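Undergrad: Next comes the sequence, and after it the predicted model I'd like to discuss.
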There are 2 protein chains.
Amino acid sequence: MANIRDIAASCKLSVATVSKALNGYSDVNEVTRARVLDAAKRLGYFPNAQARSLKTSRSYQLGVLFIDENNNGLTQYFFAKVLNSFKMEAERLGYHITFITKKLGNAELSYLQSCRHIGVEGVCLACIDFDQPEVEELDNSGLPLVSIDYILKNSPAILSDNRNDMASMVRFVKERGHSRIAFIHGPPSRVTSERIRGFTNAMKDAGISIDPTLMAESPYTDSVKAFEAVTKMLKLENKPTCIFLPDDSCAFGAIEAINKMGLRFPEDVSLVGYDGIRFTQMMSPNLTTMRQDAEAIGLAAAKALINNIEAPEHKHMTPVVVSGQLLPGGSVSQLN
Amino acid sequence: MANIRDIAASCKLSVATVSKALNGYSDVNEVTRARVLDAAKRLGYFPNAQARSLKTSRSYQLGVLFIDENNNGLTQYFFAKVLNSFKMEAERLGYHITFITKKLGNAELSYLQSCRHIGVEGVCLACIDFDQPEVEELDNSGLPLVSIDYILKNSPAILSDNRNDMASMVRFVKERGHSRIAFIHGPPSRVTSERIRGFTNAMKDAGISIDPTLMAESPYTDSVKAFEAVTKMLKLENKPTCIFLPDDSCAFGAIEAINKMGLRFPEDVSLVGYDGIRFTQMMSPNLTTMRQDAEAIGLAAAKALINNIEAPEHKHMTPVVVSGQLLPGGSVSQLN
DNA sequence: CTGAAAGCGCTTACAG
DNA sequence: CTGAAAGCGCTTACAG
């Protein structure tokens, strides 16, 4: 591909002048600039990002960490949408997206090494195990970061409003006459504990005491495990009339469990999900759930990260809280 | 971060020797090499990829084009899995993954320009509009490519065995006693036409003549449109007993349509999907469908691409065809 | 076995 | 307004 020297030769100018013309410096004659721009176009010139980066220490690359231990970050609809929206906003602001990895060929490197190696200017952390020491190393490195649904010490976070969103779902269910409400929640994490807190607070506000037998844990997105957890719940002497699930994907297992038990859905057992994925909205009855605003989350993450790259003197640290949207569905029956 | 000069200073060696020690050249004293490696570790050294790339023209970066016009490539489970598997294999072989984009800040660039700018060594084209002239430009540029479910003139392709897979689904349905079989297929594309060919061939082999009123088009993954298409199909005088859908996602709309018409599923109308996404397998009855081997596709794509980068003299051009796996499901009823 | 030197494609103080 | 020169961090023929 043509480089800056080809343009210089073609225009009989120095590379310095060509560079300045290309980069819009004011101290270059407008006629000269036009000639340069014309030659650049004619020669199909596009700057070599690595050369520029080497000189300016600006790579305009952003790293993303979207893969959890099970390598399935991307295949979760929510994270796919967050990444999509993050990517679009980042590109609009002039940045490319690269995946950060810990294994490269035979080498094992830390997240930080990987970032320095590729030369990303910032990183978005989403679907990963935040408890790794390497995450702390990253957070202490000075490299701008943004995290999603987790709060790091030195970096801004974008958070779903899990606590309040959960509470409003409890109120919704309560208004439909339910009081034996079970909560099958996900494994320990910041998200889970926020949801549990929102649930218990709202139950208390509603004057319903929490029955520990109606609290259980089951992995996110695992429909088979949800089937088992719901089955167990429905074998209780005093069974719930409504079950909150870890997320929407779990609803498939839950419905199955209800059917297998010979109960009617939603007349005998109501269900509530979390996320707002497409599929459970197309079913009938559709699932009552909390639509997470993945677009807003990805967008906010890109904005916060790029702000902290470009204006470190105005480093933005306060978490951005993004509210979800309650999607009322036929999966919650009206009691008496 | 520490650079090669820091190591040189620390070891009182020249940068040349340090570089050679680091890169495993044989003409360096083993004691010296050990000292260098030790210092590198101590200083937290990791090579600057852009500097190396600038000098060697090897970036070890691969571009991916996974976003269609609607910006939803990643959110399709199939493509997310392909990308995931592509990424894992590429990283295992020492390559990073970067998204290629046409818009970067204010600049509009062609795919090729974007690739040259970032300096990727190859590109994987998946969920995009292959008819754009820019794709041809890419294919003619000499940059190594690999395409998924589409055949380019100068590059290897990884293909699902749409034709044969489709045919085996037709045979499956035929064996269950169906002969009024409708096919709601996706919009024109290579994938669609292969599936149509597989369908019509298998019908012919089964001795069933094709009724044009039972052929219709509806977009992939669009459950609402599928609802409409199925409804229309079920209003026919002589309606089908079994309907093939564009893909699994469409099944949600299809089931809805059957229910709304007051028909029973699957007793009155059977359904067949395509893809093998998790959700329709968890439902009951589960969907008869073709599980696409996304992992194998992503893996093969990475292997083919990297082979063509590293061994251009043995350029691999023959398409790799990946068979799917028929998942028999309760969504196809046994007729009499 | 080690090192001095050139150069990858760019940018940027500085001189003129 | 233009250009010569240095340098970003690395690699690699070449000399010794």
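TA: Cool, the structure landed.
Undergrad: Can you name the residues of chain A sitting close to DNA strand C?
TA: Residues of chain A found near DNA strand C (Cβ under 7 Å from any atom of the strand) are A:3-5, A:15-16, A:19-20, A:22-23, A:45, A:47-48, A:51-52, A:54-56. The C-beta positions use only the backbone N, C-alpha and C, and glycine is treated the same way.
Undergrad: go again using 10 Å as the cut-off
TA: A:1-8, A:14-23, A:25, A:27, A:40, A:45-58 (Cβ under 10 Å from any atom of the strand).
Undergrad: Among the residues you listed, name the ones in helices.
TA: A:4-8, A:15-22, A:40, A:49-56 (DSSP state H).
Undergrad: For A:Gln334, give me its contacts.
TA: Contact analysis of A:Gln334 by Cβ atoms under 8 Å, 6 or more residues apart in numbering or on different chains lists A:176-177.
Undergrad: tell me which element it is part of?
TA: Counting by DSSP states H and E, no helix or strand carries A:Gln334.
Undergrad: can you check A:Leu138 too?
TA: helix A:133-140.
Undergrad: ok now the next helix or strand along the chain from that helix, how far from the chain's centre?
TA: Going down the chain from helix A:133-140, the next helix or strand is strand A:145-148, by DSSP H and E. With Cα atoms, centre = their mean, to the nearest Å as the basis, strand A:145-148 stands 9 Å off its chain's centre.
Undergrad: What segments of chain A are helices?
TA: Counting by DSSP H, the helices of chain A are A:4-11, A:15-22, A:30-43, A:49-56, A:77-92, A:111-118, A:133-140, A:162-175, A:190-205, A:223-234, A:250-260, A:278-282, A:294-310.
Undergrad: Which among these is found nearest to B:Gly329?
TA: Closest to B:Gly329 of these is helix A:250-260 (Cβ to Cβ; 13.6 Å).
Undergrad: Please identify which of the helices of chain A is closest to B:Arg264.
TA: Comparing those by Cβ to Cβ, helix A:250-260 comes nearest, at 15.4 Å.
Undergrad: which strands and helices sit next to that closest one?
TA: Packing partners of helix A:250-260 (3 or more Cβ pairs under 8 Å, 6 or more residues apart in numbering or on different chains; DSSP states H and E): helix A:223-234, strand A:270-272, helix B:278-282.
Undergrad: Could you rerun that using 7 Å?
TA: If contacts are counted by 3 or more Cβ pairs under 7 Å, 6 or more residues apart in numbering or on different chains; DSSP states H and E, helix A:250-260 sits against helix A:223-234, helix B:278-282.
Undergrad: Could you pick out the residues of the stretch 1-150 of chain A near chain B for me?
TA: Counting by Cβ under 7 Å from any Cβ of the partner chain, the stretch 1-150 of chain A comes close to chain B at A:1, A:46-51, A:53-54, A:59, A:71, A:74-75, A:77, A:80-81, A:83-84, A:87-88, A:91-94, A:96-99, A:101, A:103-105, A:109, A:113, A:116-119.
Undergrad: mind listing what the residue nearest to A:Ile148 when sequence neighbours are not counted touches?
TA: Using Cβ to Cβ, 6 or more residues apart in numbering or on different chains and skipping the chain neighbours, the partner closest in space to A:Ile148 is A:Ala126 (4.4 Å). Going by Cβ atoms under 7 Å, 6 or more residues apart in numbering or on different chains, A:Ala126 touches A:65-66, A:73, A:79, A:82, A:148.
Undergrad: could I get those as CSV with distance to A:Arg176, pLDDT and neighbour count?
TA: As requested, the contacts of A:Ala126 are exported to CSV (distance: Cβ to Cβ, whole Å; pLDDT from 0 to 100; neighbours: other Cβ atoms under 10 Å in any protein chain shown):
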residue, distance to A:Arg176, pLDDT, neighbour count
A:Leu65, 40, 94, 25
A:Phe66, 37, 88, 24
A:Gly73, 35, 77, 22
A:Phe79, 31, 91, 24
A:Val82, 31, 95, 31
A:Ile148, 32, 96, 28
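Undergrad: Identify, from those residues, the entry nearest to DNA strand C.
TA: Ranked by distance to DNA strand C (Cβ to the nearest atom of the strand), the contacts of A:Ala126 are led by A:Leu65 at 28.4 Å.
Undergrad: follow-up on the earlier one: generate a PyMOL selection restricted to the buried entries among the residues of the stretch 1-150 of chain A next to chain B.
TA: Buried residues among those (16 or more other Cβ atoms under 10 Å in any protein chain shown), as a PyMOL selection:
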select buried, chain A and resi 1+46+47+48+49+50+51+53+54+59+74+75+77+80+81+83+84+87+88+91+92+93+96+97+98+99+101+104+109+113+116+117+118+119
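Undergrad: wait, what's in contact with the residue in the stretch 101-250 of chain A positioned nearest to DNA strand D?
TA: Residue of the stretch 101-250 of chain A nearest DNA strand D, by Cβ to the nearest atom of the strand: A:His117 (8.8 Å). Going by Cβ under 7 Å, 6+ apart, A:His117 touches A:109, B:46-47, B:49.
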